[in-house]
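> fold the stuff below for me.
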Amino acid sequence: MLNFWQQLKKSSTFPKDKKSTVELETGSINGAAGGNFWKVLDKPFFCLAPMEEVTDVAFREMFARYSGLRIKDKGLKMNPFVMYTEFINVDGLTHPEGRKKLGIDLKFTENQRPIIAQLWGRSPLKFTEAAKIICDMGFDGIDINMGCPQDKETGIGACAALIKEPHLAVEIIKAAKSGAGGLPVSVKTRLGYNANDIGNWLRQLLAAEPAAVAIHGRTKKDKSKVPADWSAIGEAVKVRDKIQGTRDKDKTFIIGNGDIGSRAEGLRRVAETGVDGVMVGRGAFGNPWFFAQLYKNLNEGTPRSFSEGGSDSINLPNVKERLSVMLEHAQLFDELLGKDKPFVIMRKHFKAYASGFDGAHELRAKLMETKNLDETKIVVQKYLKDIN
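Have a look, this model is predicted:
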């Protein structure tokens, strides 16, 4: 008998070397998932963390192509890993002009499900309005940013600053749920503001019954200066279990986040802490194959193999293949976002793709000077010619 994931269906990816059109989708997967896609995820599950100027539609599509399932059987159109948009401000989204500007950040494809829109702000009313818009756009879930430590956002009382205002944070979750039309509402946060206070902080969040809480293992004060504290994340799991029990039904999932560089490391953290899932951020840069190994042993619906277009095994890419995929990513960015975003955003991705092999340092230096797709192609083609 086929398991749940073997019954899933995934739509085809963009064809290579052709213009890729992306339209805002209109349906979500939650109807077939009992109103909450989180409840049908196999555990432990993995998530691709929301990151500003990183997790755009082109970046996510690369993971959908190289880590996503390709299943022919009828069923849900859903990957066994979760992806998020960049940060979307509720004040901008609920303003007619602001909504036009943010439209580019809310594009997604059917291949990217389940796809969550991450919102930030501090007005409960705006969160209700924004949640209605996100629901109408066909997203599968809504996430509330209560973890970004940057001074610009915390200075206006948003993101990680909400840790200092737990009553407002709870009100915001409830407000988002009231406008979400049944979509699951989750939270991404940190251990605390100046010090670890995850016990008290999580207890208050759980009062609003979010579908999931992703916990970055650092405080706002820490930013990224110290190693993530996974023991504290493990304590959060114990707090959740003490309050909600160990039942799966209606339980808020706890997702650990911080310093995950590989799937194996993520699974070790699951074993150590008991988290339901693991969120990966910088560790996935330059590696759209990151999640593919999760599904290597499925009898059906194997992920796309780079060299052979689909097989029962994962072919780890060599340098030529990795750079080919880097160019594919750059071309996708240019096609989908080039009219709205500067191409230099791709440089952070070039640094990740071009690493760990002979000549990578010199190649990266040249890629850091490229200003468009054509220049990037010339640099890569010259490097490949020189090493042949």
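
> now the helix or strand hosting residue 129: buried residues?
Residue 129 is part of helix 124-137, with elements assigned from DSSP states H and E. For helix 124-137, a neighbour-count test (16 or more other Cβ atoms under 10 Å) marks 124, 126-135, 137 as buried. In short, each C-beta sits where N, CA and C put it, glycine included.

> farthest pair within the residues you listed?
Using Cβ to Cβ, these reach their maximum pairwise distance at 124 and 137, which is 20.5 Å.

> before we move on, back to that, give me the helices and strands touching the helix holding residue 129, please.
helix 90-93, strand 115-120, strand 141-146, helix 166-179 (3 or more Cβ pairs under 8 Å, 6 or more residues apart in numbering; DSSP states H and E).

> let me see the mean pLDDT of it.
Helix 124-137 shows a mean pLDDT of 98.

> ditto for stretch 155-169
The model assigns stretch 155-169 a mean pLDDT of 98.

> residues in contact with residue 141?
Contacts for residue 141 were tallied using Cβ atoms under 8 Å, 6 or more residues apart in numbering; they are 30, 37-38, 114-117, 183-186, 211.

> could you rerun that using 7 Å?
By Cβ atoms under 7 Å, 6 or more residues apart in numbering, the residues touching residue 141 are 37, 114, 116, 183-184, 186.

> select only the buried ones of those residues in ChimeraX?
Only the buried entries of these go into this ChimeraX selection, using 16+ other Cβ under 10 Å:
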select :37,114,116,183,184,186
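
> burial of the nearest residue to residue 200 once chain neighbours are set aside, as a residue count?
Leaving aside its sequence neighbours, residue 200 sits nearest to residue 166 (Cβ to Cβ, 6 or more residues apart in numbering; 7.9 Å). When neighbours are counted by other Cβ atoms under 10 Å, residue 166 registers 18.

> quick check, residue 166 in contact with residue 204.
Yes - look at residue 166 against residue 204 with Cβ atoms under 7 Å: they come within range, at 4.1 Å.

> residue ranges with poor pLDDT in the stretch 101-250 of the chain?
In the predicted model, the stretch 101-250 of the chain carries pLDDT under 70 at residues 247-248.

> please redo it, this time with the cut-off set to 80
Residue ranges of the stretch 101-250 of the chain with pLDDT under 80: 246-249.

> on that earlier part again, identify the residues contacting the helix holding residue 129?
Against helix 124-137 from outside (Cβ under 7 Å, 6+ apart): 24, 90-91, 93-94, 106, 117, 119, 121, 142, 171-172, 175-176, 178-181, 183.

> thinking again about what came up before, distance check, the residue nearest to residue 200 against residue 246.
With distances taken as Cβ to Cβ, to the nearest Å, residue 166 is found 25 Å from residue 246.

> which one of the helices and strands packed on helix 124-137 lies closest to residue 355?
strand 115-120 (27.6 Å).

> in its sheet, what does that closest one sit against?
strand 81-89 (parallel), strand 141-146 (parallel) (DSSP bridges).

> so which of these is the most surrounded?
strand 141-146 (a mean of 27; mean count of other Cβ atoms under 10 Å).

> so that strand versus helix 124-137, what angle?
On the basis of axes from the mean of the first three to the mean of the last three Cα atoms, to 10 degrees, strand 141-146 is oriented at 150 degrees to helix 124-137.

> backbone dihedrals for the nearest residue to residue 267 once chain neighbours are set aside, please?
Take residue 267 and drop its neighbours on the chain: the residue closest to it by Cβ to Cβ, 6+ apart is residue 44, 6.9 Å away. Per-residue torsions, residue 44: phi -80, psi 140 (degrees, to the nearest 10).

> neighbours of residue 44, how many?
Counted with other Cβ under 10 Å, residue 44 comes out at 19.

> ok, residue 340 - contacts?
residue 104.

> that should have said residue 83, apologies.
48, 60, 63, 112, 115.

> how about 10 Å then?
Taking Cβ atoms under 10 Å, 6 or more residues apart in numbering, we find residue 83 in contact with 47-50, 55, 59-61, 63-64, 67-68, 108, 111-116, 140, 291.

> with residue 196 instead?
190, 217-219, 222, 229, 231-232, 235.

> if we go to 7 Å?
219, 229, 232.

> so it, which of the three states?
Look at residue 196: counting by DSSP: H, G, I helix; E, B strand; the rest coil, its state is coil.

> any idea how far residue 184 is from residue 275?
In terms of Cβ to Cβ, residue 275 sits 18 Å off from residue 184.

> alpha carbons only: can I get the biggest helix by length in the chain in PDB?
As assigned by DSSP state H, the longest helix anywhere in the chain is helix 319-337. Taking C-alpha atoms only, helix 319-337 is exported to PDB below (Å, rounded to 0.1, in the frame of the first residue of the first chain):
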ATOM      1  CA  VAL A 319      31.800  21.200 -10.600                       C
ATOM      2  CA  LYS A 320      30.600  21.500 -14.100                       C
ATOM      3  CA  GLU A 321      27.100  20.500 -13.100                       C
ATOM      4  CA  ARG A 322      27.100  22.700 -10.100                       C
ATOM      5  CA  LEU A 323      28.000  25.700 -12.200                       C
ATOM      6  CA  SER A 324      25.400  24.800 -14.800                       C
ATOM      7  CA  VAL A 325      22.800  24.900 -12.100                       C
ATOM      8  CA  MET A 326      24.100  28.200 -10.800                       C
ATOM      9  CA  LEU A 327      23.600  29.600 -14.300                       C
ATOM     10  CA  GLU A 328      20.200  28.100 -14.500                       C
ATOM     11  CA  HIS A 329      19.400  29.900 -11.200                       C
ATOM     12  CA  ALA A 330      20.800  33.200 -12.500                       C
ATOM     13  CA  GLN A 331      18.800  32.800 -15.700                       C
ATOM     14  CA  LEU A 332      15.600  32.100 -13.700                       C
ATOM     15  CA  PHE A 333      16.300  35.200 -11.600                       C
ATOM     16  CA  ASP A 334      16.800  37.300 -14.700                       C
ATOM     17  CA  GLU A 335      13.600  36.100 -16.300                       C
ATOM     18  CA  LEU A 336      11.300  36.300 -13.300                       C
ATOM     19  CA  LEU A 337      12.800  39.200 -11.300                       C
END
